[in-house]
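# here are the coordinates; sequence isn't available:
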């Protein structure tokens, strides 16, 4: 049986969990909530890249993504950034929903699951 590895955890959340060849990330949010949807999306995608690297994998191994967006009027701008980020890789499965996020200034949050890289 595989060991469960949790990284960057505190009393309420683990940012990264790895089990049985799968990496699960907590919802990734922007560092600067004063940015517009383009800036926040870029930060969230960069945070995903960093977290996946910490777990020893990358976006080429993504299995699924769940996108939570505050305003669906921002969807086209978000999607343009997402497409540029995922370019060169087969995109994962994805769901996008409109949501009120915990921080009212956050415009986007993304949860991803990825396969680990082969040993």
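Sure, I can see it. Just so it is clear, the model here is predicted, and its values are computed rather than measured.
# now the closest residue in space to residue 28 that isn't next to it in sequence: phi and psi?
Excluding its sequence neighbours, the residue lying closest to residue 28 (Cβ to Cβ, 6 or more residues apart in numbering) is residue 47, at 4.4 Å. From N, CA and C alone the C-beta is placed, and that goes for glycine too. Phi and psi for residue 47, reported as degrees, to the nearest 10, are phi -70, psi -40.
# where does residue 47 land on pLDDT?
In this model, residue 47 is scored at 98, pLDDT.
# helices of the protein, start to end?
37-54, 75-86 (DSSP state H).
# isn't residue 14 up against residue 27?
No: using Cβ atoms under 8 Å, residue 14 makes no contact with residue 27, being 11.9 Å away.
# measure the closest residue to residue 2 other than its chain neighbours to residue 77 for me?
Spatial nearest neighbour of residue 2, excluding adjacent residues (Cβ to Cβ, 6+ apart): residue 20 at 4.4 Å. Remark: distance between residue 20 and residue 77 (Cβ to Cβ, to the nearest Å) = 36 Å.
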